[in-house]
Structure formats: C-alpha cells, structure tokens
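Enquirer: the amino acid sequence is not available; the structure is as follows:
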C-alpha cells in the first residue's frame, strides 16, 4: 500500500481489485457496493482517511438506512469500511483510533420470520411430488429445486448451482461449501434421487450436475451468472409462495432455515445442524 494514499475510495478500490485477483467475486462485489455508497454519500468528493470519524460514520449509517438498506446490509458495509481502515493503519496511512467504529452497527440481526414452519414445508413437499400440480413448468421446477435443497440437508443454493457431476457417486454427494470450504457428505435418499433425475443436466460437455451455469467455475462470468440466477430463482419462489398460500415469504435462505428448524424439532443435535 502506498503511504501517500489518503483517500478511502482509492483504498477500497485497491482492496476490491485484490479480491478480484483472488477470485473472491462476492467479496469484491461488496467492496464495489461500498465504494458506490460512499461516492453517493460524499456527492462524488474524495473522503480522506482523516475524515473518517465517529460523526462521519454515524452520518453515513443514517444515510444507508434512509436509502432503504436493512441493518444487516449496514453492518456489512461498516465492517468493510472497518477492514479498509485497519489496513490503512497497518500500512502507516492512517492513525490508529480506538473504538472508532464503536458507535455504528456492526452486528447481525436475526430475522426469525425467514424460517418456514412445518405446515408450510409439508404443503410444499406434497405439491412438489403431486401428479396434478397447478404450477407452470418453470415454477414447478423451481419448487423441485427448493425441495431438493431441503432434502439434501438444507444445501445452500449456491452450492447446488455449482455442484459437479463427479461430486455425485451412487447415493452420496461429496462437496465443499462455497462459503467456508468445509467438506460435506450427504446421503441421497430416494425422494431426492427422484428429483435429481428429473432436474439434472444432460449436457455431456458441462461439468455441472444441474443446468444453471454456462461459464467455468471460478471465473467472474460464472459469479455474475450466478447472481442473475439467484435473483430470478427468488422471484419465482415468491410467486410460488403466493400461489400456494405460504404464510412466510419464500427465499433460498428460508429453505435452509426451514431445514434447521425441522431438524432441531425432530431431535437432531444442534452441533450436527451447525455443521451443515
């Protein structure tokens, strides 16, 4: 890091590019979002590192909230700013100021409303395997993917999208979590196996188990494609929820929370659930 640098936007941009070079596309995207927000808040003016004060941070926090950002998003942006400022301190570009970020929110708000209750999940399961479904084909496939993630121990959507054909062997899926890199092994029971056979890709040239992606894993193009797929998938889930009278808003995350809730309700140890 150059010691001449006093501009938080330049610092964030260099850290963004560093994450891009390490193929951490999601993290790089978050840094890019923070740069955009800071530029809008400062009306395009450079924000010197010395100008990052508790008062400035509280004003920026209020701006983020006033433009519709939830508390978890505010927390993410503040933690990125904190990481950038700490980087500047370590490289002699800014003064260490204890408790600089102490007055702004950097925690995580738990949204308990995202978890589907057992009655809603049972309704989705019955509709998924019904032979007389009322949903349009694309919505029905979306529901099948949603239920499949549930049956695969609450597999995250991103992991399912990037799942490879060679990670499924007989009735076992062995893969690594995209978020943590943790290896996981999931047994494929008969209902899940049935859904996989319906949904799996038949493109022999594709390494992916399901026909979501067209770009190579690890590329920025694949990340951008995934983000577009995720947005469309959540929109269709919202449509499905309204069509079937589901009480909670449906998202890919509610499926994961639904699995955890039902697993704990049925006696799975919390240590096992947390490892999923």
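Expert: Arrived safely, thanks for sending. This one's a predicted model, so the numbers in the text were calculated from it and none came from an experiment. Residues are numbered from 1 along each chain as shown.

Enquirer: and residue 186, helix, strand or coil?
Expert: Following DSSP: H, G, I helix; E, B strand; the rest coil, we place residue 186 in the strand state.

Enquirer: how near is it to residue 180?
Expert: 15 Å (C-beta to C-beta, to the nearest Å). C-beta: built from backbone N, CA, C; applies to glycine.

Enquirer: more neighbours: which of those two?
Expert: Neighbour count, other C-beta atoms under 10 Å: between residue 186 and residue 180, residue 186 has more, with 20 against 8.

Enquirer: wait, residue 230 touches residue 252, no?
Expert: Yes: Residue 230 lies in contact with residue 252 (C-beta atoms under 8 Å); the separation is 7.0 Å.

Enquirer: now list whatever residues contact both of these two.
Expert: Taking C-beta atoms under 8 Å, 6 or more residues apart in numbering as the contact rule, the neighbours common to residue 230 and residue 252 are residue 157.

Enquirer: low pLDDT regions in the protein?
Expert: Within the chain, the stretches with pLDDT under 70 are 1-5, 109-115, 133, 254-276.

Enquirer: tell me where the longest helix sits in it.
Expert: Looking across the chain with DSSP state H, the single longest helix is helix 220-244.

Enquirer: so how far is that helix off the chain centroid?
Expert: Chain-centre distance of helix 220-244: 12 Å, with C-alpha atoms, centre = their mean, to the nearest Å.

Enquirer: what's near enough to touch the residue nearest to the spatial centre of the chain?
Expert: In the chain, the centroid-proximal residue (C-alpha atoms, centre = their mean) is residue 158; its distance is 7.4 Å. Applying C-beta under 8 Å, 6+ apart to residue 158 gives the contacts 178, 179, 226, 230.

Enquirer: what's the answer for residue 129, then?
Expert: Contacts here follow C-beta under 8 Å, 6+ apart; on that basis residue 129 touches residue 191.

Enquirer: which strand or helix spans residue 247?
Expert: Assigned by DSSP states H and E, residue 247 belongs to no helix or strand.

Enquirer: and the residue lying closest to it once chain neighbours are set aside, how many residues sit next to it?
Expert: Of all residues not flanking residue 247 in the chain, residue 120 sits nearest, at 6.0 Å (C-beta to C-beta, 6 or more residues apart in numbering). Residues contacting residue 120 under the criterion other C-beta under 10 Å number 19.

Enquirer: which strand or helix spans residue 120?
Expert: Residue 120 is part of helix 118-129, with elements assigned from DSSP H and E.

Enquirer: next secondary structure element downstream of that helix?
Expert: The helix or strand immediately downstream of helix 118-129 is helix 137-151, counting by DSSP H and E.

Enquirer: list the helices and strands that next one packs on?
Expert: Under the contact criterion of 3 or more C-beta pairs under 8 Å, 6 or more residues apart in numbering; DSSP states H and E, helix 137-151 touches helix 118-129, helix 157-161, helix 190-199, helix 220-244, helix 252-265.

Enquirer: most tightly surrounded among those?
Expert: Greatest average neighbour count among the helices and strands packed on helix 137-151 goes to helix 157-161 (a mean of 21), per mean count of other C-beta atoms under 10 Å.
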